[in-house]
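J.: What follows is a protein structure lacking sequence information:
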Ligand SMILES: O=P(O)(O)OC[C@H]1O[C@H](O)[C@H](O)[C@@H](O)[C@@H]1O
């Protein structure tokens, strides 16, 4: 593979539809990517050398792909509907429990301890234990929902105060979500919300009507003095940032209903099957991964910007940021070797239309090159024809404007457009699964393990030391000596 000095557009060398791929209601257009058709063919050969699709299939089959932690990465099993999927029995049993519990909350068979219906759900959790369900809820909630979700993630009392002020404890359900059940922010927030229940007279057995836990730690319910039936399982073989498909999705299951969540899972499962069955030149996640690999390693583009032209997809930005940056923000390979060249990009973005009036100036004229995904839907989520017409005109125009930069400047943009036929639970599942597969496929291409996060864990350990009043810098220095 060689870098092209003239930075051509794919559309200049690919005939007809060769720069497009369509699956699961998603149309990917790579024509504004900066490579030739020959370069793309070279990337397909590189993918074959790396056995990209074989490695992907091995992940889904349950092989030990997370070497540093010695386990498989089976998030795809959480959205599988076939007996042959690894761990199917335990996953489907837990899914039934989750759906049954959510339905009881929704139809009023599960009430607060004084007989009130649950109308507010507070999800206490951070990172992967927050971002997935938050993205799903933001995308699929109706304008006036029966049940309101609140996400308490950071250990910042301001957020705590605001959320508690919006809720009545008697009609509130608290979900404490933590894979490890040892994350300090979550522990501190859970204790504070528990105290709020206590202050409002919800004590003893009554607490169990207002609090449940989701965790891979079998002692989580016990740690919160709750009965075991108030715990929903997750498993060590699902990474936190890949976990929205199971118990971590509980707030969304309650707020949207099991039926919508089932559709969400089915959409993801459709994408899983597409990713296993489609040839490389039509394989959506593989095409996204290969062009990202090209952009980062050959064109040396340092950042990737996601610009949804659809309010419903706004929270995909922080979700994708964690997914890609925690998975691919690594400079060592699977055998601990220091890697040459770039790995994962900095991921950022915003609601596309709003961003036009804030940072597009930089994207169009600044001294940086950017990889960009523009994403929109062919069906609006509202009844205002004029709004949709203007929004779509903006999205289409910006797809061109963002690549219309000074051809003599050393800075340029590489743009993909991703068009959904609609934003339904099914399509959302497919889009999120597509980005998950893009991320893990990039792990294969870069030769890194996308399933661990050693850098974050050091920070977590140091914060615990800092809580005792110790200087974290000193502790690091001592550890080095
Ligand atoms: O779910 P928990 O165990 O509480 O972890 C919450 C988060 O903690 C860390 O920040 C990890 O890097 C994240 O991947 C994880 O999602």
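T.: Structure's in. What do you need? Given the structure is predicted, the values throughout are model-derived calculations rather than measurements.
J.: Around the ligand, which positions in the stretch 1-150 of the chain sit nearby?
T.: Within the stretch 1-150 of the chain, the positions near the ligand by C-beta under 6 Å from any ligand atom are 126, 127, 128, 129. C-beta coordinates here come from the backbone N, C-alpha and C atoms, glycine included.
J.: Let me know how buried residue 166 is, in neighbour terms.
T.: Look at residue 166: counted by other C-beta atoms under 10 Å, it has 12 neighbours.
J.: what's the answer for residue 97, then?
T.: Burial of residue 97 is recorded as 15 neighbouring residues (other C-beta under 10 Å).
J.: Among the residues of the stretch 1-150 of the chain next to the ligand, which one is most surrounded by other residues?
T.: Tallying neighbours with other C-beta under 10 Å puts residue 129 at the head of those, with 31 neighbours.
J.: backbone phi and psi for it, please?
T.: Main-chain torsions, residue 129, degrees, to the nearest 10: phi -90, psi 10.
J.: quick one: pLDDT of whichever residue of the stretch 251-400 of the chain sits closest to the ligand?
T.: Of all residues in the stretch 251-400 of the chain, residue 326 sits closest to the ligand, at 5.6 Å by C-beta to the nearest ligand atom. With respect to pLDDT, residue 326 scores 97.
J.: which element is it on?
T.: Assigned by DSSP states H and E, residue 326 falls within helix 316-328.
J.: same check, this time on residue 134
T.: Assigned by DSSP H and E, residue 134 falls within helix 131-140.
J.: hang on, the earlier thing: C-terminal to the helix holding residue 326, what's the next element?
T.: strand 346-349.
J.: now for that next one, which elements pack on it?
T.: strand 303-308, helix 316-328 (3 or more C-beta pairs under 8 Å, 6 or more residues apart in numbering; DSSP states H and E).
J.: The shortest one packs against which elements?
T.: Translated: strand 303-308. Under the contact criterion of 3+ C-beta pairs under 8 Å, 6+ apart, strand 303-308 touches helix 316-328, strand 346-349, helix 352-356, strand 370-377.
J.: That one: partners in the sheet, and parallel or antiparallel?
T.: With DSSP bridges as the test, strand 303-308 is paired with strand 346-349 (parallel), strand 370-377 (parallel).
J.: Now tabulate those strands in CSV and tack on mean neighbour count and mean pLDDT.
T.: Listed next are the strands paired with strand 303-308 as CSV, based on neighbours: other C-beta atoms under 10 Å; pLDDT from 0 to 100:
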stretch, mean neighbour count, mean pLDDT
strand 346-349, 19, 98
strand 370-377, 24, 98
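J.: still on that earlier bit, which of the helices and strands packed on strand 346-349 sits most buried?
T.: Sort those by mean neighbour count, taking mean count of other C-beta atoms under 10 Å, and strand 303-308 sits at the top with a mean of 24.
J.: okay, the angle between the helix holding residue 326 and strand 303-308?
T.: When axes from the mean of the first three to the mean of the last three C-alpha atoms, to 10 degrees is applied, the directions of helix 316-328 and strand 303-308 differ by 150 degrees.
J.: Would you mind getting the angle between helix 316-328 and helix 131-140?
T.: 150 degrees.
J.: check contacts around the nearest residue to residue 349 once chain neighbours are set aside.
T.: Closest residue to residue 349 apart from its sequence neighbours, by C-beta to C-beta, 6 or more residues apart in numbering: residue 306 at 3.6 Å. If you count contacts by C-beta atoms under 8 Å, 6 or more residues apart in numbering, residue 306 has them with 316, 317, 320, 347, 348, 349, 372, 373, 375.
J.: All the strands of this structure, residue numbers only.
T.: Along the chain, counting by DSSP state E, strands occupy 20-23, 26-32, 120-124, 148-152, 172-177, 211-215, 231-233, 303-308, 346-349, 370-377, 413-420.
J.: For the stretch 151-300 of the chain, what lies in contact range of the ligand?
T.: By the rule C-beta under 6 Å from any ligand atom, the part of the stretch 151-300 of the chain lying against the ligand is 178, 179, 180, 183, 186, 240, 241.
J.: how does it look with 5 Å?
T.: Counting by C-beta under 5 Å from any ligand atom, the residues of the stretch 151-300 of the chain close to the ligand are 178, 179, 180, 183, 240.
J.: Neighbours of the last one, how many?
T.: For residue 240, the tally of surrounding residues (other C-beta under 10 Å) stands at 26.
J.: distance of the nearest residue to it once chain neighbours are set aside from residue 282?
T.: The shortest distance from residue 240 to any residue other than its chain neighbours is 2.8 Å, reached at residue 128 (C-beta to C-beta, 6+ apart). Per C-beta to C-beta, to the nearest Å, residue 128 is found 30 Å from residue 282.
J.: who's in contact with residue 369?
T.: Counting by C-beta under 8 Å, 6+ apart, residue 369 makes contact with 299, 300, 301, 302, 411, 412, 413, 414.
J.: my guess is the third one meets residue 372, correct?
T.: The one in question is residue 301. No. Between residue 301 and residue 372 there is no contact under C-beta atoms under 8 Å: 9.7 Å.
J.: quick revisit: can you tell me which of the residues of the stretch 151-300 of the chain next to the ligand is closest to residue 445?
T.: residue 240 (22.8 Å; C-beta to C-beta).
J.: Could you check how far the closest one is from residue 118?
T.: From residue 240 over to residue 118 the distance is 26 Å, taken as C-beta to C-beta.
J.: count of neighbours near residue 37?
T.: Other residues lying near residue 37 total 16 when counted by other C-beta under 10 Å.
J.: And it, what's its pLDDT?
T.: Listed pLDDT for residue 37 reads 96.
J.: Mind naming the longest helix for this protein?
T.: When the chain is parsed with DSSP state H, its longest helix is helix 425-446.
J.: same question for it, mean pLDDT?
T.: Average pLDDT, helix 425-446: 98.
J.: Tell me, what's the model's pLDDT at residue 2?
T.: 39.
J.: I meant residue 202, not that one.
T.: 98.
J.: try the one 4 residues further on
T.: Reported pLDDT at residue 206 in the predicted model: 97.
J.: From the ligand, how far out is it?
T.: 26 Å (C-beta to the nearest ligand atom, to the nearest Å).
J.: show me the contacts for that residue.
T.: Counting by C-beta under 8 Å, 6+ apart, residue 206 makes contact with residue 113.
J.: And the lowest mean pLDDT element among the helices and strands of this protein?
T.: The helix or strand of the chain with the poorest confidence is helix 472-480; it has a mean of 79 (mean pLDDT, DSSP states H and E).
J.: which helices and strands sit right next to that helix?
T.: Secondary-structure packing of helix 472-480 (3+ C-beta pairs under 8 Å, 6+ apart): helix 454-467.
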